[in-house]
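Chemist: Got a predicted model here, sequence first, then my questions.
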Amino acid sequence: MITSKKRVLVVGLDGATFDIITPLVRVGRLPTFAKLMKEGTWGNLKSTILPTTGPAWTSFMTGKNPGKHGVYGFYSFSKGTYETQIVTEHSIRTKKIWDYLDDERIGLLDIPLTFPPQEINGYMISGWPVPSEESIFTHPPELHTEIIREIGGFIVERPRNVLGYRQDKPIESLQNLYRYTDMRKEAALYLLRKKGPFDLFIVVFRGTDFIQHEAFKLFDEEYCKANPLIAKKFKEVIFQFYEKMDTILAELIQAMGNDAITIVMSDHGGGPMKKRFYINRWLKKEGFLSLKRYASSNSIHLSTKPFSAFLQKMGLSFFSPLLPTSVQNIQIPYPKLRRKHPSCLIDWKRTKAFANLTWTDEVIRINLWGREPEGIVRQEEYDAVREEIIEKLLGIVDPETGEAVIQRAYKREEIYHGPYVEDAPDILILTTETSYVFSPSLSEGVILERPLDPAPAPHRMEGIFFIHGEGIRADQVLTGLHIVDTTPTILYLMGKSIPDSMDGRVIAEAVEEEYFKKNPPTYHKEENGEIIKEQIEFSTAEQDSIKERLKALGYME
Ligand SMILES: [Zn+2]
């Protein structure tokens, strides 16, 4: 019998794209995806603007545009400074889908921006940014040691654990990526088999995105010609990873149970990089940004090291045991270079606009008087400055190809609506096919460059969406889907009322007509489902670890 309260399994494959799936399905390499296509309904899923992991998964969790949830990237600007802070679960200022489920049993695993964990009716393993294995990142807290008992370990997402593009040991990091992926699979299967049944189970695998950032360069003929050995050895690596995910999918679907609805989705797509675009150098050339005349990016400060460390550095460590411990431990002062925050290099009195100084996001911020610490653009000039920048951005052409570099540039209020629009960057930019990667560098140099190693590859706007199960139409291709549509659709399938504050819609065309007629969606009024929490304070070591990871993925410089 078809009930109107369905159990739902959501498998998120970060960054997954039909550009990889469709050709592999065609040659029979992805049997589970093929089955989902044939027996279910599927289509492209539009990401948020910008198509980045933080805002996109948050729009999935909330069913709302970033103007209503307040997450625009992996960071937010710290009010009254030019510095940024890393976003966490506490940065999401509205209810998430599981906040609407009271009696239902829930399992959540590795969804980005779910640290620290919430006390839900079920089990939760937080996703990015979990600082270390010592942090409490599961609910209940003892679930972590239970998972260790069951599957032997659980590493969080940290530098060198998984694939990152600045790694000089590709085989080791590939092994780590599979190990990291298997741990998520084993943890999900353990929860599903031993703690189920779940009414809603969501698990996100980040590996698809990690491997694409690194390996999309192997789709680039020029790179392969210059690096024939790497090209030969690693050319299958993305395809092989999707095959791995296909097998995992089959296992998860089976463990959840045949009566459940399966949704497989991504937060955005991915594809090769064309060129790097040095946005701050461009702003400087156009006269919107000025550097201090004698600015240096480094400052010298005195640090100390024990005498034994000096001996070691000079190759004289055999001396150490001959010296009394008190001498070995004598602290010797030595000068050390410290990198200053790049904002120290900018002459703010002569700067109207700047792009991110440490992040590779495609955004521009106006140096607005009254908002920025040394703002100079008056409120009455704000719009004109934005318009001038946008017009100039749209005119940038790649001299080698004649192609426009920027496809669209938006004022924030054109794409976002809600109480937190004012926290958004002032201008948001989509490059042509999102294939130009912004670099925040302030140093002298070219504006457009094809790097020798075109990594990390960027995201694309089009993600994936599959839905399969009883009551879902078969062999249908859908168009016009947006990531915010997934949330009300899941609530609808679970027989829950949908808050009218959500921006998404129920994907009715995926549901069998008769089922939909018998079970029309119900809605209730809600202002914004606002939740305000104190921001998390990470220790310096925790912040460094998180930043190192973001650098390895290419999100920071
Ligand atoms: Zn992502």
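Modeler: Looks like it arrived, so ask away.

Chemist: residues in the stretch 101-250 of the chain within reach of the ion, list them.
Modeler: Neighbours of the ion within the stretch 101-250 of the chain, by CB under 5 Å from the ion: Asp209. The C-beta positions use only the backbone N, C-alpha and C, and glycine is treated the same way.

Chemist: Relative to the ion, which residue of the stretch 101-250 of the chain is the closest?
Modeler: Nearest to the ion in the stretch 101-250 of the chain, going by CB to the ion, is Asp209, at a distance of 4.8 Å.

Chemist: and that residue, how far is that from Phe234?
Modeler: 17 Å (CB to CB, to the nearest Å).

Chemist: the more surrounded of the two?
Modeler: Asp209 (27 against 20; other CB atoms under 10 Å).

Chemist: Helix or strand: which one has the more buried one?
Modeler: Using DSSP states H and E, the element containing Asp209 is helix 207-215.

Chemist: Please name every helix or strand in contact with whichever helix or strand comes after that helix.
Modeler: Downstream of helix 207-215, the next assigned helix or strand under DSSP H and E is helix 221-226. On a contact count with 3 or more CB pairs under 8 Å, 6 or more residues apart in numbering; DSSP states H and E, helix 221-226 meets helix 228-234.

Chemist: Report the mean per-residue pLDDT for the helix it packs on.
Modeler: Helix 228-234 carries an average pLDDT of 93.

Chemist: What of stretch 191-202?
Modeler: On average, stretch 191-202 scores 97.

Chemist: pLDDT weak spots in the chain?
Modeler: Counting by pLDDT under 70, the low-confidence segments of the chain come to 1-3, 158-167, 294-304, 306, 308-322, 324-325, 332-340, 549-557.

Chemist: ok and the residue in it nearest the ion?
Modeler: Going by CB to the ion, the ion is nearest to Thr53 of the chain, at 3.1 Å.

Chemist: Which residues of the protein lie near the ion?
Modeler: 14-15, 53, 209, 267.

Chemist: In a strand, Pro451, correct?
Modeler: No: counting by DSSP: H, G, I helix; E, B strand; the rest coil, Pro451 is not found in a strand; it is coil.

Chemist: does it really touch Arg276, like I thought?
Modeler: Yes: assessed by CB atoms under 8 Å, Pro451 is found in contact with Arg276 at 5.8 Å.

Chemist: When the two are compared, which one has more neighbours?
Modeler: Arg276 (19 against 13).

Chemist: Am I right that that one is in contact with Ser441?
Modeler: No: applying CB under 8 Å as the test, Arg276 and Ser441 come out as separate, 9.1 Å apart.

Chemist: Quick check: end-to-end length of stretch 257-265?
Modeler: Separation of the first and last residues of stretch 257-265 by CA to CA, to the nearest Å is 19 Å.

Chemist: Excluding covalently adjacent residues, which one is nearest to Thr487?
Modeler: Gly63 (3.0 Å; CB to CB, 6 or more residues apart in numbering).

Chemist: And for that neighbour, the neighbour number?
Modeler: Gly63 has 30 neighbours, counted by other CB under 10 Å.

Chemist: next one: Glu236
Modeler: Glu236: 12 neighbours (other CB under 10 Å).

Chemist: give me phi/psi at Thr22?
Modeler: Note on Thr22: its backbone torsions stand at phi -60, psi -50 [degrees, to the nearest 10].

Chemist: count of residues packed around it?
Modeler: Residues near Thr22, counting by other CB under 10 Å: 13.

Chemist: so what's it up against?
Modeler: Applying CB atoms under 8 Å, 6 or more residues apart in numbering to Thr22 gives no contacts.

Chemist: Was I right to think the residue of the stretch 101-250 of the chain closest to the ion contacts Ile20?
Modeler: No: assessed by CB under 8 Å, Asp209 is found out of contact with Ile20, at 11.9 Å.

Chemist: any residues in contact with both of those two?
Modeler: Listed as contacting both Asp209 and Ile20 by CB under 8 Å, 6+ apart is no residue at all.

Chemist: Skip the chain neighbours and tell me the closest residue to the residue of the stretch 101-250 of the chain closest to the ion.
Modeler: Closest to Asp209 by CB to CB, 6+ apart is Gly15, at 3.2 Å.

Chemist: re the thing from before, restricted to strands, list the residues of the chain next to the ion.
Modeler: Using DSSP state E to define strands, no part of those is located there.

Chemist: Now stretch 175-194: buried residues?
Modeler: 176-178, 180-181, 183-192 (16 or more other CB atoms under 10 Å).

Chemist: now stretch 479-491
Modeler: Buried, per 16+ other CB under 10 Å, within stretch 479-491: 481-491.

Chemist: Just give me the neighbour total for Lys517.
Modeler: The number of residues packed near Lys517 is 9, by other CB under 10 Å.

Chemist: helix/strand/coil for it?
Modeler: At Lys517, secondary structure determined by three-state DSSP is helix.

Chemist: got it, and Lys392?
Modeler: Applying three-state DSSP: Lys392 is helix.

Chemist: Quick check: phi and psi on the residue nearest to it when sequence neighbours are not counted?
Modeler: Nearest residue to Lys392, sequence neighbours excluded (CB to CB, 6+ apart): Glu286, at 5.8 Å. Here is the backbone geometry of Glu286 (degrees, to the nearest 10): phi -80, psi 0.

Chemist: go on, Ile498?
Modeler: phi -100, psi 130.

Chemist: my read: it touches Glu526, true?
Modeler: No: the criterion here is CB under 8 Å, and Ile498 misses it with Glu526 at 9.3 Å.

Chemist: out of those two, which sits in the more crowded spot?
Modeler: Ile498 (22 against 16).

Chemist: Pull the contacting residues for the more buried one.
Modeler: Per CB under 8 Å, 6+ apart, neighbours of Ile498: 488, 491-492, 506, 521-524.

Chemist: cool, and Lys285?
Modeler: Per CB under 8 Å, 6+ apart, neighbours of Lys285: Ile447.

Chemist: mind checking the longest helix of the protein?
Modeler: helix 170-194 (DSSP state H).

Chemist: burial of the closest residue to Val8 other than its chain neighbours, as a residue count?
Modeler: Leaving aside its chain neighbours, Val8 sits nearest to Ile261 (4.9 Å; criterion: CB to CB, 6+ apart). Neighbourhood size, Ile261 [other CB under 10 Å]: 23.

Chemist: Just say helix, strand or coil for Val10.
Modeler: Val10 ends up strand, using three-state DSSP.

Chemist: can you pull the contacts of it?
Modeler: Val10 neighbours (CB under 8 Å, 6+ apart): 200-203, 263-265, 486, 490.

Chemist: In strands, which of the residues you listed fall?
Modeler: 200-203, 263-265.

Chemist: what sits against the nearest residue to Trp369 once chain neighbours are set aside?
Modeler: Spatially, and ignoring its direct neighbours in sequence, Trp369 is nearest to Gly375 (4.1 Å; CB to CB, 6+ apart). Contacts for Gly375 (CB under 8 Å, 6+ apart) come out as 348, 367-369.

Chemist: from the contacts of Ile498, which two are the most distant?
Modeler: The span of those, defined through CB to CB, is set by Val506 and His524 at 13.9 Å.

Chemist: Compare these two (neighbour count), which wins?
Modeler: The neighbour comparison of Val506 against His524 (other CB under 10 Å) goes to Val506, with 21 against 11.

Chemist: The more buried one and Ile490 touch, don't they?
Modeler: No: here Val506 does not reach Ile490: they are 9.5 Å apart, not a contact under CB under 8 Å.

Chemist: Helices of the stretch 301-450 of the chain, start to end?
Modeler: Ranges of helices in the stretch 301-450 of the chain, per DSSP state H, counting those that start in this stretch, are 307-313, 325-328, 379-394, 412-415.
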